[in-house]
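> build me a model from this:
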Amino acid sequence: MSVLTTIAGLFKPAADLIDNLHTSTEEEMIQSNNLVALQNELVIAQNQITSQIIQLESDLLKAQSAIIVAEANGQSWMQRNWRPITMLTFLVLVVADTFGLTEFRLSEQAWVLLQIGLGGYVVGRSAEKIMPNVMKAMSK
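Numbering: from 1, shown residues only. From the prediction side, this is the model:
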């Protein structure tokens, strides 16, 4: 949840500034209600932005899940199985490279592609598996 940490980080300087305003006792009594109101408004704004980002991330997960489900339920054998075939191909390349069976070692770009592919595959499969539970929890 690095996005949520970033949002909190954006609001922290303003919250600290409000907390650290130094005024005289008389001014402090007059302005204390204003400072509390400012702090409350700041917290409300932070909560609203956080809520909107969570909703956007939820919508993104729904869209990704819909794509994966559409592929899995597709009419074509290739449409349903291209991800597993791709990952098995990557596995064969890694094993062949590890044991020196390839003529040339895999380049850095191939390893980056493998990391992206594996990450996308794992995230996609995870989203496919957990999305029904997330949707059920959100509908409550």
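> name the helices or strands packed onto the longest helix along the chain?
Looking across the chain with DSSP state H, the single longest helix is helix 25-72. Contact partners of helix 25-72 among helices and strands, from 3 or more CB pairs under 8 Å, 6 or more residues apart in numbering; DSSP states H and E: helix 2-19, helix 77-98, helix 108-139. From N, CA and C alone the C-beta is placed, and that goes for glycine too.
> orientation of the longest one relative to helix 77-98 in degrees?
Right, helix 108-139. 130 degrees (axes from the mean of the first three to the mean of the last three CA atoms, to 10 degrees).
> and the angle from helix 108-139 to helix 25-72?
Relative orientation of helix 108-139 and helix 25-72, computed by the same axes, to 10 degrees: 110 degrees.
> chain center to helix 108-139: distance?
Using CA atoms, centre = their mean, to the nearest Å, we find the averaged C-alpha position of helix 108-139 to lie 11 Å away from the chain's own average C-alpha position.
> any low-confidence regions in the protein?
Filtered on pLDDT under 70, the chain yields the residue ranges 1-4, 7, 14-15, 17-31, 121-122, 124-125, 127-128, 140.
> care to break it down by domain?
As recorded under automatic domain parsing, the domains making up the chain are 1-60, 74-140.
> reformat these as JSON lines; add mean neighbour count.
Formatted as JSON lines, the domains of the chain follow (neighbours: other CB atoms under 10 Å):
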{"stretch": "domain 1-60", "mean neighbour count": "12"}
{"stretch": "domain 74-140", "mean neighbour count": "12"}
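> out of these, flag the one nearest I67.
domain 74-140 (8.3 Å; CB to CB).
> thinking again about what came up before, what's the closest of the helices and strands packed on helix 25-72 to E57?
helix 2-19 (7.5 Å).
> could you dump the domains of the chain into CSV and include distance to I67?
As requested, those are arranged in CSV below (distance: least, CB to CB, whole Å):
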stretch, distance to I67
domain 1-60, 11
domain 74-140, 8
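> A66 is nearest to which of these?
So among those, domain 74-140 is nearest, using CB to CB, at 9.0 Å.
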